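> Model the following, please.
(chains A and B)
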Amino acid sequence: MHEVIIIGAGSVGTPTAMSLAERGITTLVIDSGRSAGQGNNKCAIGGIRATHSDPAKVALSLHSIKTFSTWEEIHREDIGWYMGGYTFIAYTEAISESLQNMIPAQQKAGLNIKWCNSDEILRLVPGIKAEGLFGGTFSPEDGSASPMESCYAFKRNAERCGAEFRFGETVTSIEKSGFFKVVTDRAEYTAANVINCAGSFGREVGAMVGVDLPVYPDMHEAGITEPVQRFFNPMVVDISRTAGSANYYFYQYSTGQVVFCITPDPPIPGKGTEETSTFLPQVASRMVNLYPRLANIKVRRTWRGSYPQTPDGTPIIGQVGPEGFFAAVGMCGQGFMLGPGVGEVMARLVAGQSTEEDRMVLSAMRLDREFSGREALK
Amino acid sequence: MESKTRVNRHPVLSPLPDSWVKFTFNGREMVGRAGEMVSSAVFAGGEHVFGHHHKDGGAQGIFCANGQCSQCTLIINGLLLKSCIVPLEEGMAVRSVEGLPALDDLDAPLMNPPERVETDVLIIGAGPSGMAAAKELGASGLNVIIADDKDRLGGKLVLQTHKFFGSEEDCRAGVRGTRIAEILAEELQELSGIDIWMNSIVLAVFSDGTVGIRKPDGYMIVKPRQLLVAAGAREKSLPFPGCTLPGVYGAGAFQTLVNRDQIRCSERLFILGGGNVGLIGAYHALQAGMTVVGLAEAMEKCGGYKVHVDKIARMGVPIYTRHTVLAAHGQEELESVTIAAVDESFIPIPGTEINFKVDTLLVAVGLSSVNEFHSKALEFGIPSMLTGDSEEIAEASAAMFSGRICGRRIAFSLQGEPADIPAEWLEKAEVLKSPGGRIEEYRESSLKEGVFPVIHCFQEIPCNPCMTVCPKNLITTSGHAIMGLPEYSDGCIGCKKCVAICPGLAISLVDYRKNREFPVVTISWELGDWLLQKDQTVTVTQWEGIPVGTGTVVSLKNAVGFPSTMLLDIRVPEKIAGIVAGVRIQEAETTTPEEMIPELPIPDSAVVCRCERVTAGEIRKLLREGVRDMNELKTRSRAGFGACGGKTCKTLIPGIIKGEGIAMDRITDFTERPLFAETRLGVFCGKEEK
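Reported below is the predicted structural model:
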């Protein structure tokens, strides 16, 4: 009998296990993959930002950034953290205004962010198209890390603190009679609490205890290039829409590769991982048009993963359904960057130690909300 | 232009055009042939180090010369490119890659915007199997696109200067691979409906039923009704200390340098691996005037055809069976190699190490099928077939035949008819794929008068042109089967056609008619007319290369009707006439090992993933930590993250896993992802003119 069973050893489940185990809470993590992070974690591109429009997400991300940015110093393990900042660029007046309008609220939530004029952006991203550039936001303390290296590092730390992991087991049902009985295709486990960190399968796991969690994955493709010497620092995000795609973004990883991703418009529902022929021509034309020198860097690999979306673009975190059952799902493609922050909030929630800020986050991300809002920087 | 680093004369290959252009390498002026690959031009310029890796500063150079591995990447006119697939142009500025390269901000070459096309059949690879299939499909009126990453049709045929095995009617036995490539190309170009895309690299197979191909002028997205993967094979590697040193590379890369670009890339070389590829590599080296100091094979016997083994042994190449390479040594380039005997479990036996001073070590430890396109197609439910080496590693003669069958199958299936493949085709296809079979004991010829052939061919292989070439039908194979051993029956007229056609150089003709005490022995000679002179005394050997005496050169003449084949007449004492099968051209002292044994680095230091410079020790450490998911191993070690996409390390890591005593069924395999070849981002969008 464990105090907590976590379903899912990915971007959210693994740091949550770490936060629980660090508090001495006996924790078992079950995952159908063969090792940690084999679902969407390995598909994440590694961007980590606190630049959101929603104060609750800003708060979670600031916690996460603390974990990522101090990891190497504390644990002597390289997880690829690089503090290159994020820039959301504007080539239209409308986007320029909308980005600038968000800044006061973001600053109030504790985010280090400012507006840069076009000259400043050109210095941050040398060679980016100058014509029509209004400027952009810059949040210097955002950054990036390796999703899988981080996931493995969190797992090792969780194990050092006593957490157990079971791989290659798929949860098939969950029963509650006093305590929870979690049945997999290979064994049965019992626990006082269960946390659903099942990513794209969050809705299916919720259904096992009769809770409808509105988590609907859609599919995104990403790619990585060969490594070259550093030529720009921040993650560059262009939120303008063109036919077939909404935003796209790219950055240079700590070891020199450019990693990139685009959001199809309309979204493509599903949780498949099959690559399509649409992605490269679509993303290449936008990236090269924005940043011509990228034409000459070689694409090495592409892949597809899913964003477990919620109707309002905000995660669902907290107690749901039967007592002792918790969800940390619907990360909308931000599970990696939110994960360590979510893990801390969940661990304090299970331990009955929620802070005032936690209560603000849990209120904003509770299941029984309207789902009518809209995260502006999804 | 005579040059020490180029093949100035070759017994088989025609001289390449004198189209010299100037270029620079790291600022130094060099001269190369217009249109030859930049890698070859740099190599001929005497530069074997193409850069230093950013992880550990290790020197890098040519490894596959086949567009697969990226080890030959150079900065060419500011762009980072695999130099083995970039043709040389006048004035190119070429630089080595020192550490992590900078991304220069220069105007991207202009490309057409991406284009989508449909076709009945897309064939990946224009080698023997792909071309044979295309011919069948084209003849049936279907639309075919055949895409190949090289600049000319033929695949590996263009490197094969030796004569083909098999039968004359099915796969042009007795004709050289280079010539077969030309014949197939002519046949293909005559057919309408076949779209030949050269210099076109297949990058990915997508879930929407399309295949992404980078043509020289733009990115194409092809939707075929049927995919046929005829992409051949890539060379396997072997991790040992020093295996990444420039000068250590694949036997296929060697054949590319020597036979396609006519680069004299080595003075002294050693070969690891006694399969047909390694054996033929040795022969090609000898033909190009290099010294082959030895060949090591871990098994009791070489795996290649015995006629190939015997052929090089006769010329004086020592063959070390039950030996392996322990280490390659050198600072920036290969300087020497250490081999050692191995026990029954292939463990090197201490005290048996010997060292050779060489500038080149060819690794010929087998081939693995290029079938990633097919696996992806199956994953996505796209109709796909494999043919040639992509299906099963075998001789090119078998590849041509299997391509033909595959082409026929696809033609029937796309036209909605049941496949009507003659049963004898299927049988033949199987026979042609057979590796060398049973070896019979040597039988000495008892004949002592007149004129007659002596056949030094005692291994069952799919080959019979000696039978079909004899005008008197005096040579038959047992049971008339292509695999049967040939036998001669009385009545020879001394036409020497059997000597000239034999791909294994395993037939000699003994003529007692003019001189009973010193008869003339005729053997096939593929080393040009410059090594021997009339009346010269030569060391003659029996079929397996053991010297049996001396002979005198009588004449060396072209064999009429057999291009670039010469017939050498030697007068020898009657006592040995029946067993003489060859002439030694490398004297023993040139192949003697050195005495000094360098200290060996620990094997944990052997690099397994050459793109990311990951060692066997790093892999072992993770396996010992309990890692069993290759995806985790990949992330944590970075093995497989590199430019080549795990093409080399994927075949090596299982050996380390087994060595750790871990059963392979406990291992979860890598997830395969596109692209299969790195490609500039600009290729996917097309750039508008400024």
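
> Quick one: name the residues of the stretch 301-450 of chain B near chain A.
B:379, B:380 (Cβ under 8 Å from any Cβ of the partner chain). For glycine as for every other residue, the C-beta is placed from the backbone atoms N, C-alpha and C.

> Would you mind listing where chain B has pLDDT under the threshold?
Counting by pLDDT under 70, the low-confidence segments of chain B come to B:1, B:595-602, B:687-690.

> what sits against residue 131?
With no chain named, the answer covers chain A. Not one residue lies near residue A:131 by Cβ atoms under 8 Å, 6 or more residues apart in numbering or on different chains.

> Let me rephrase: I mean chain B.
B:146, B:153, B:154, B:155, B:184, B:185, B:188, B:400, B:403.

> How about residue B:592?
With Cβ under 8 Å, 6+ apart, residue B:592 has no contacts at all.

> ok so, going back, so which of the contacts of residue B:131 comes closest to residue B:619?
Among the contacts of residue B:131, residue B:155 lies closest to residue B:619 (Cβ to Cβ), at 32.8 Å.

> Setting the sequence-adjacent residues aside, check what's closest to that closest one.
Using Cβ to Cβ, 6 or more residues apart in numbering or on different chains and skipping the chain neighbours, the partner closest in space to residue B:155 is residue B:127 (2.1 Å).

> Spell out which residues belonging to the stretch 251-378 of chain A are near chain B, please.
Going by Cβ under 8 Å from any Cβ, the residues of the stretch 251-378 of chain A near chain B are A:256, A:272-278, A:280-281, A:283-285, A:287-289, A:292-303.

> Tell me where the stretch 51-200 of chain A has helices.
A:55-75, A:93-108, A:118-124, A:147-160 (DSSP state H, counting those that start in this stretch).

> Who are the packing partners of the third one?
Under the contact criterion of 3 or more Cβ pairs under 8 Å, 6 or more residues apart in numbering or on different chains; DSSP states H and E, the helices and strands touching helix A:118-124 comprise strand A:86-90, strand A:135-139.

> For residue 304, what is the enclosing helix or strand?
By default, I'm working from chain A. Using DSSP states H and E, residue A:304 falls within strand A:298-309.

> hmm, I had chain B in mind actually
Applying DSSP H and E, one finds residue B:304 in no helix or strand.

> Pull out the buried residues from the longest helix along chain B.
Looking across chain B with DSSP state H, the single longest helix is helix B:396-414. Neighbour counts over helix B:396-414 (16 or more other Cβ atoms under 10 Å in any protein chain shown) mark B:396-411, B:414 as buried.

> Name the residue of the stretch 401-550 of chain B that lies nearest to chain A.
residue B:414 (22.0 Å; Cβ to the nearest Cβ).

> quick one on the thing from earlier: for the residue nearest to residue B:155, what are its contacts?
B:148, B:154, B:155, B:156, B:157, B:230, B:232, B:388, B:389, B:396, B:399.

> quick one, strands of the stretch 251-378 of chain A?
A:257-264, A:298-309, A:316-319, A:325-329 (DSSP state E, counting those that start in this stretch).

> Now these in TSV, please, with extra columns for mean neighbour count and distance to residue B:330.
Formatted as TSV, those follow (neighbours: other Cβ atoms under 10 Å in any protein chain shown; distance: least, Cβ to Cβ, whole Å):
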stretch	mean neighbour count	distance to residue B:330
strand A:257-264	22	31
strand A:298-309	23	30
strand A:316-319	23	59
strand A:325-329	27	55
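
> can you list those strands in JSON lines and add mean pLDDT?
Output for those, formatted as JSON lines (pLDDT from 0 to 100):
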{"stretch": "strand A:257-264", "mean pLDDT": "97"}
{"stretch": "strand A:298-309", "mean pLDDT": "96"}
{"stretch": "strand A:316-319", "mean pLDDT": "97"}
{"stretch": "strand A:325-329", "mean pLDDT": "98"}
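
> As a markdown table, those strands with distance to residue B:273 would be great.
Formatted as a markdown table, the strands of the stretch 251-378 of chain A follow (distance: least, Cβ to Cβ, whole Å):
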| stretch | distance to residue B:273 |
| --- | --- |
| strand A:257-264 | 35 |
| strand A:298-309 | 30 |
| strand A:316-319 | 59 |
| strand A:325-329 | 54 |
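
> These: which one's closest to residue B:611?
Here strand A:298-309 is closest among these (Cβ to Cβ), at 9.8 Å.

> what angle do the closest one and strand A:257-264 make?
40 degrees (axes from the mean of the first three to the mean of the last three Cα atoms, to 10 degrees).

> In its sheet, which strands sit next to strand A:298-309, and in what direction?
strand A:216-227 (antiparallel), strand B:679-680 (antiparallel) (DSSP bridges).

> I'd like the C-alpha coordinates of the longest one written as PDB, please.
Yep, that's strand A:216-227 we're talking about. C-alpha atoms of strand A:216-227 as PDB (Å, rounded to 0.1, in the frame of the first residue of the first chain):
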ATOM      1  CA  TYR A 216      -8.800  16.700 -26.000                       C
ATOM      2  CA  PRO A 217      -5.400  16.200 -27.600                       C
ATOM      3  CA  ASP A 218      -4.400  17.700 -30.900                       C
ATOM      4  CA  MET A 219      -1.300  16.900 -32.900                       C
ATOM      5  CA  HIS A 220       1.700  19.100 -33.600                       C
ATOM      6  CA  GLU A 221       4.900  18.400 -35.400                       C
ATOM      7  CA  ALA A 222       8.400  19.600 -34.500                       C
ATOM      8  CA  GLY A 223      11.900  19.400 -35.800                       C
ATOM      9  CA  ILE A 224      15.500  19.800 -34.900                       C
ATOM     10  CA  THR A 225      18.600  20.800 -37.000                       C
ATOM     11  CA  GLU A 226      22.300  20.100 -36.900                       C
ATOM     12  CA  PRO A 227      24.200  21.900 -34.200                       C
END
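
> Follow the chain on from that strand and name the next helix or strand.
Past strand A:216-227, the next helix or strand by DSSP H and E is strand A:235-238.

> Any idea how far that following strand is from the middle of the chain?
16 Å (Cα atoms, centre = their mean, to the nearest Å).

> repeat for stretch B:641-656
20 Å.

> hmm, back to that, just the buried subset of the residues of the stretch 251-378 of chain A next to chain B, please.
A:256, A:273, A:275-278, A:280-281, A:283-285, A:287-289, A:292-303.

> List the buried residues in stretch A:143-163.
Those would be A:143-158, A:161, A:163, for stretch A:143-163 by 16+ other Cβ under 10 Å.

> nope, stretch B:480-495 is what I meant
B:482, B:483, B:484, B:485, B:486, B:488, B:492, B:495.

> what does that stretch rub up against?
B:166-167, B:428, B:431-432, B:434, B:437, B:440, B:450-453, B:455, B:457-464, B:466-467, B:471-472, B:474-478, B:509, B:511, B:513.

> Selecting buried members of these in ChimeraX, what would you type?
Buried residues among these (16+ other Cβ under 10 Å), as a ChimeraX selection:
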select /B:166,167,428,431,432,451,452,453,455,457,458,459,460,461,462,463,464,466,467,474,475,476,477,509,511
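
> got the contact list for residue 96?
No chain specified, so I'll use chain A. A:90, A:134, A:135.

> that's the wrong chain, I wanted chain B
B:25, B:26, B:47, B:49, B:50, B:51, B:52, B:74, B:75 are the contacts of residue B:96 under Cβ under 8 Å, 6+ apart.

> Dig out what the closest residue to chain A within the stretch 501-650 of chain B forms beta bridges with.
Residue of the stretch 501-650 of chain B nearest chain A, by Cβ to the nearest Cβ: residue B:629 (3.7 Å). In this entry, residue B:629 is beta-bridged to residue B:668, by DSSP bridges.

> And residue A:7, by the same measure?
As assigned using DSSP bridges, the partners bridged with residue A:7 are residue A:30, residue A:196.

> Would you state the strands of the stretch 151-300 of chain B in chain order?
In the stretch 151-300 of chain B, the strands defined using DSSP E, counting those that start in this stretch lie at B:194-197, B:201-205, B:211-215, B:218-229, B:233-235, B:248-250, B:268-272, B:291-297.
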